[in-house]
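Asks: Here's my sequence, what's the structure:
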Amino acid sequence: MPTSTKKRPAARPSNRLPKRQRVTLSNLKASKSIAAEHTGDSGTSDNSASEEVEEEEEDNDDDEQSIVPNKGLSGDNTPLLCFNPLITCCISVTKNAHVAQRVLTQQRRAAKPHSTLLADAKRAWSLARQKTISKEERASHIASLMDIVRGKIQDIVFKHDASRIVQTIVKWGKGAQRDEVAAELRGRFKELVENKYSKFLVAKLARFCPSHRLSMIMEFRSHVVRLLLHREASQVIADIYELHANATERAILLRDFYGREAALLPLPQKITKDEQGVFLQGASEEQRKRILTSLRENLELMINKSDKGPLRHVIVHRAFWEYLSEIAQISDDREREKMYYAIFESCKDLLAEMVHTKHGSRVVREFLARGTAKDRKHIVKVLKPYITTMAQDEDAQYVLFTAFDVIDDTKLIAKSILPSITLNAKLLQASAAGRRTLLYMLLPRDRRYYTPSMIARICETDSLRVHTSKKSGDVRIAEICSAASSDLVSWVVRDGAEVSRETGGSLVITEIMLEAHGDKEAAMEALLSPLSAPYPSNGDPHPIDLPHTSRLYKILLQGGHFSQVTNAVVTRPHYKPSTFATAFLRYVKPVHIVAMARDGGAFVIAALLERVAVDGTPEERAGLEECLSGLKGDEGGSIRGRGWAALSEGLGALESRGGDVT
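Replies: Numbering: from 1, shown residues only. Modelled structure (predicted):
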């Protein structure tokens with residue numbers, strides 16, 4: 001009998017399970033998130049953090065001895081836990097250690113100042129901050145909370161948990177309670193705004209306690225520049241200036257940039273919101289130069305510390321613009337240019353951080369309008385990575401408008417600015433600001449899309465570009481439009497049918513078709529292909545039934561917009577409506593043309609009739625007249641009002657033109 005070469009497995013003790021089924025104490029503990037181990041929670045208190053560390057140390061002390069199941073005595077192989085005396089003893093010791101540690105933690109908390117007050121305040125705070133309670137209940141809890149912390153707010157407000165308690169009082173409390181908190185903290189606002197936790201309380205007080213805001217701002221006086229460079233205080237000071245302060249309070253905050261000598265000059269009794277030069281009224285020429293030098297030094301301090309983020313704040317942008325405005329008042333041309341280039345050379349690499357606000361945008365536009373060709377090229381290079389974002393911003397887009405208006409090197413514009421706009425046309429057309437940027441390349445300053453206030457803002461740099469730009473404005477506009485046309489028409493070919501169904505998108509598509517240069521037959525076919533669907537539609541609305549899309553087809557058939565001034569359609573030189581009308585007849589079946597005329601497309605078909613009557617071939621006129629012959633006796637029928645009037649006028653023009661030809 002041959003001997004087997006297969007080894008016999010080792011005998012397993014009857015009271016042990018396979019290793020993969022063994023249960024350990026460490027396996028029974030709750031798992032900890034990996035993210036929690038790598039990122040600390042800044043919102044937890046020191047006590048909570050110490051508790052977590054202590055619990056981790058206790059977890060490491062737990063032994064890894066296995067709880068080994070035994071085989072059932074009845075022989076049914078059911079595993080049962082073995083109550084090993086040694087393991088039971090270890091578990092007991094561990095539980096006792098946990099209890100002792102918690103007692104020690106509670107003793108540490110109790111030893112801290114105001115521990116009883118904070119414990120009572122937290123109980124009331126947990127009730128007051130609930131979102132589902134009524135106003136009466138919340139007012140009662142806030143009153144209880146105020147009774148607990150009254151007189152001790154200055155002592156506890158610098159702690160993260162107590163600061164949140166006081167913030168709840170300011171947020172939900174009555175005016176008298178808010179005023180009481182502000183009055184108790186008076187004299188310590190500068191210290192509060194520099195604290196990691198209490199700075200949020202200062203922001204809430206500035207918002208909810210306007211009667212105390214001036215006294216708060218007076219405590220910041222002579223420290224504003226330094227606070228704007230402080231890691232904790234910077235954003236709070238900037239928010240107070242931008243969101244909450246009135247004109248006088250803004251002036252007090254801004255005056256710190258002008259230095260000590262400007263502080264000796266009196267402020268006017270009444271200051272308007274955007275009034276400039278209020279700090280230099282009554283100053284002599286020499287005083288003006290010294291004060292502006294101090295202003296520039298403080299601005300350069302912000303520039304040199306740009307890694308701390310002060311350049312993104314509105315108050316700094318306002319100081320920049322006031323500097324540029326005030327140096328224009330200096331009589332010495334040489335000195336004025338010297339002061340201008342001193343600040344430009346300091347900040348020319350950081351202009352992208354300033355374009356998102358009204359005054360920051362104005363500063364960059366001033367640099368563009370006053371700069372040389374080399375300066376403008378550098379500015380465009382700095383802004384190039386952010387063009388698409390700027391095109392969607394209400395303030396930053398004016399920088400792009402000024403670039404289009406003043407830069408003579410249109411090849412630089414076509415290479416560095418236009419691709420970021422034209423290649424993202426579908427994204428930009430979804431917002432009003434983005435549509436204005438797209439349309440500015442085609443119709444700059446057109447009153448159809450830009451309000452008088454917008455045009456006035458765009459024209460602010462016109463007086464400067466007269467001295468720094470040599471190319472004619474009309475030539476520059478034509479070159480920019482030509483450079484953008486290819487990408488825009490290609491976009492219409494790709495997405496025109498979809499975008500034309502949107503209200504804003506249909507406006508952009510209309511102007512691209514009317515103003516863009518080059519061949520647009522493919523774009524016309526892309527827009528007309530949806531009209532080949534049966535009318536009326538059984539599913540989604542037919543393009544003719546969408547008012548804005550129907551208006552698009554009407555304008556394209558007319559050849560331009562109707563002018564109320566001339567009482568006629570203003571045709572465009574780079575668009576042929578006859579080509580569009582021919583394509584319309586090719587894509588839309590006669591039966592659908594009749595259905596459109598009887599329903600929602602009366603004005604579109606009327607425009608088609610007028611276009612074919614003027615530019616159509618005899619075959620097109622004869623076919624269209626035959627197609628619509630059944631409408632001649634429809635007066636007072638299904639087609640009513642202005643729709644029937646437009647159709648009858650178009651039919652009359654078609655008949656008279658057909659008679660002339662025959």
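Asks: Rounded mean pLDDT for stretch 219-236, please.
Replies: Across stretch 219-236, pLDDT averages out at 94.
Asks: Would you mind writing the CA trace of it as PDB?
Replies: Provided in PDB are the C-alpha atoms of stretch 219-236 (Å, rounded to 0.1, in the frame of the first residue of the first chain):
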ATOM      1  CA  GLU A 219     -10.800 102.400  20.300                       C
ATOM      2  CA  PHE A 220      -9.300 101.100  17.000                       C
ATOM      3  CA  ARG A 221      -8.100 104.600  16.100                       C
ATOM      4  CA  SER A 222      -4.300 104.800  15.400                       C
ATOM      5  CA  HIS A 223      -4.100 101.000  15.400                       C
ATOM      6  CA  VAL A 224      -6.000 100.200  12.200                       C
ATOM      7  CA  VAL A 225      -3.000  99.600  10.000                       C
ATOM      8  CA  ARG A 226      -1.500  97.200  12.500                       C
ATOM      9  CA  LEU A 227      -4.800  95.400  13.100                       C
ATOM     10  CA  LEU A 228      -5.200  94.900   9.300                       C
ATOM     11  CA  LEU A 229      -1.900  92.900   9.500                       C
ATOM     12  CA  HIS A 230      -3.000  91.000  12.500                       C
ATOM     13  CA  ARG A 231      -4.000  87.400  11.800                       C
ATOM     14  CA  GLU A 232      -7.100  87.500  13.900                       C
ATOM     15  CA  ALA A 233      -8.200  91.100  13.700                       C
ATOM     16  CA  SER A 234      -7.700  91.700  10.000                       C
ATOM     17  CA  GLN A 235     -11.000  90.300   8.700                       C
ATOM     18  CA  VAL A 236     -13.100  91.800  11.500                       C
END
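Asks: Of all the residues in it, which ones are buried?
Replies: Buried residues in stretch 219-236, defined by neighbour count with 16 or more other C-beta atoms under 10 Å: 219-220, 223-225, 227-228, 230, 232-236. Where C-beta positions appear, they are placed from N, C-alpha and C, glycine not excepted.
Asks: which residues does E610 contact?
Replies: Residues near E610 by C-beta atoms under 8 Å, 6 or more residues apart in numbering: 557-558, 649-650, 653-654.
Asks: Kindly indicate which of these lies nearest S629.
Replies: Of all the contacts of E610, L654 has the smallest distance to S629: 10.6 Å, by C-beta to C-beta.
Asks: Surely that closest one and A622 touch.
Replies: No. Using C-beta atoms under 8 Å, L654 is not in contact with A622, being 9.6 Å away.
Asks: Which of those two has more residues huddled nearby?
Replies: More crowded of L654 and A622, by other C-beta atoms under 10 Å: L654, with 24 against 15.
Asks: which residues are contacting the strand or helix carrying the more buried one?
Replies: Assigned by DSSP states H and E, L654 belongs to helix 641-661. If you take C-beta under 8 Å, 6+ apart as the criterion, helix 641-661 is touched by 597, 602-603, 605-610, 612-614, 618, 621-622, 624-625, 628, 631-632, 634-635, 639.
Asks: just the buried members of the contacts of E610?
Replies: When neighbours are counted using 16+ other C-beta under 10 Å, those contain these buried positions: 557-558, 650, 653-654.
Asks: Show me the two of the buried residues of stretch 219-236 that sit farthest apart.
Replies: Farthest-apart pair in these is E219 and Q235; separation 17.6 Å (C-beta to C-beta).
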